[in-house]
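Engineer: any chance you can model this:
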Amino acid sequence: MDQRATLAETFVEVADTLVADFDLIDFLDRLCHRSVDLFSVDASGIMLRDTRGELHVVAASNEQSRLIELFQLQNAQGPCLDAIQGGAQVHADSTDEITRRWPLFGERMAGEFASVYALPMRLRSEVVGGLNLFGKSHNALAPADVRVAQALADTATIGIIQQRTLQEANVLSDQLQTALDSRIVIEQAKGMYAERANVDMTVAWQALRSHSRNHNMRLRDVANAYVDGELDLQHEVG
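Structural biologist: Reported below is the predicted structural model:
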């Protein structure tokens, strides 16, 4: 497959995240390996923020780049961290420049890679992580390749944010359904208590709520237990 076809296929892959069996780790792993296949680099790695904003190394094209990514996190120094924190590309095209800008990172990179390209994974003002490309030669990437790589990172970011939004929507939907289910069984318990105790629904509600508070139980659990005949509420109201 020629490079243009590979590039087109890669963009389709990184855009196709709205599927039932979406696997984020597999998705990012493929992005790393595709980046090495497409561009004149020798390794790649990806860092992502978790929901608390903490960074993690989540994918790498090989063990060499994974360890370098971890080194950046452990020492709080390196181009990827700068790219993520600043939301802008960070390039260093020679070993001298790398060592000058990040002394610890440059020392770790010595003898392994001679150029690095850190690309923020961003959508507007939101930066979710960074894609890092490492080359064994100086000036490994031409400016045009850097632009294409950034476009690839941006497309992947859209997919990641879409997936996160979908998951959040599913969580919200599940929470709403749980609330609706809870409301149904609570209303059932209120009706049963009101009929058995010959009281109105307000008093029945107070009985359920009092037992919940007095025994540190969820209202839904109190209602379920009462409906199932496992709980006596006759002493909850005066």
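Engineer: where do the strands of the chain begin and end?
Structural biologist: In order along the chain, the chain carries the following strands (DSSP state E): 43-49, 55-60, 90-92, 115-123, 126-135.
Engineer: so what's the residue nearest in space to the middle of the chain closest to, chain neighbours aside?
Structural biologist: Centroid-nearest residue in the chain, with CA atoms, centre = their mean: D50, separated by 5.4 Å. Counting by CB to CB, 6 or more residues apart in numbering, H56 is the residue found nearest to D50 once chain neighbours are left out, at 6.2 Å. In short, each C-beta sits where N, CA and C put it, glycine included.
Engineer: my read: A156 touches L31, true?
Structural biologist: Yes: with contact defined as CB atoms under 8 Å, A156 counts as touching L31 (5.6 Å).
Engineer: comparing the two, which residue is more hemmed in?
Structural biologist: The neighbour count for A156 versus L31, taken as other CB atoms under 10 Å, is higher for A156 (27 against 24).
Engineer: what pLDDT, on average, does the helix ranked longest in the chain get?
Structural biologist: Counting residues, the longest helix found in the chain (DSSP state H) is helix 143-197. The average pLDDT for helix 143-197 rounds to 79.
Engineer: relative to strand 115-123, how tilted is it?
Structural biologist: With axes from the mean of the first three to the mean of the last three CA atoms, to 10 degrees defining the directions, helix 143-197 sits at 40 degrees from strand 115-123.
Engineer: now find how far off-centre helix 143-197 is within its chain.
Structural biologist: Relative to its parent chain, helix 143-197 has a centroid offset of 14 Å by CA atoms, centre = their mean, to the nearest Å.
Engineer: before we move on, back to that, by mean pLDDT, show me the worst of the strands of the chain.
Structural biologist: strand 55-60 (a mean of 88).
Engineer: parallel or antiparallel, list what pairs with that strand.
Structural biologist: Based on DSSP bridges, the pairing partners of strand 55-60 within the sheet are strand 43-49 (antiparallel).
Engineer: CA atoms only: put the strand it pairs with into CSV for me.
Structural biologist: Included here for strand 43-49 are C-alpha records, laid out as CSV according to Å, rounded to 0.1, in the frame of the first residue of the first chain:
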residue,chain,number,x,y,z
ALA,A,43,9.4,5.5,17.4
SER,A,44,6.3,7.1,18.9
GLY,A,45,4.5,7.4,22.2
ILE,A,46,1.3,8.8,23.5
MET,A,47,0.5,10.4,26.9
LEU,A,48,-3.1,11.1,28.0
ARG,A,49,-4.7,13.0,30.8
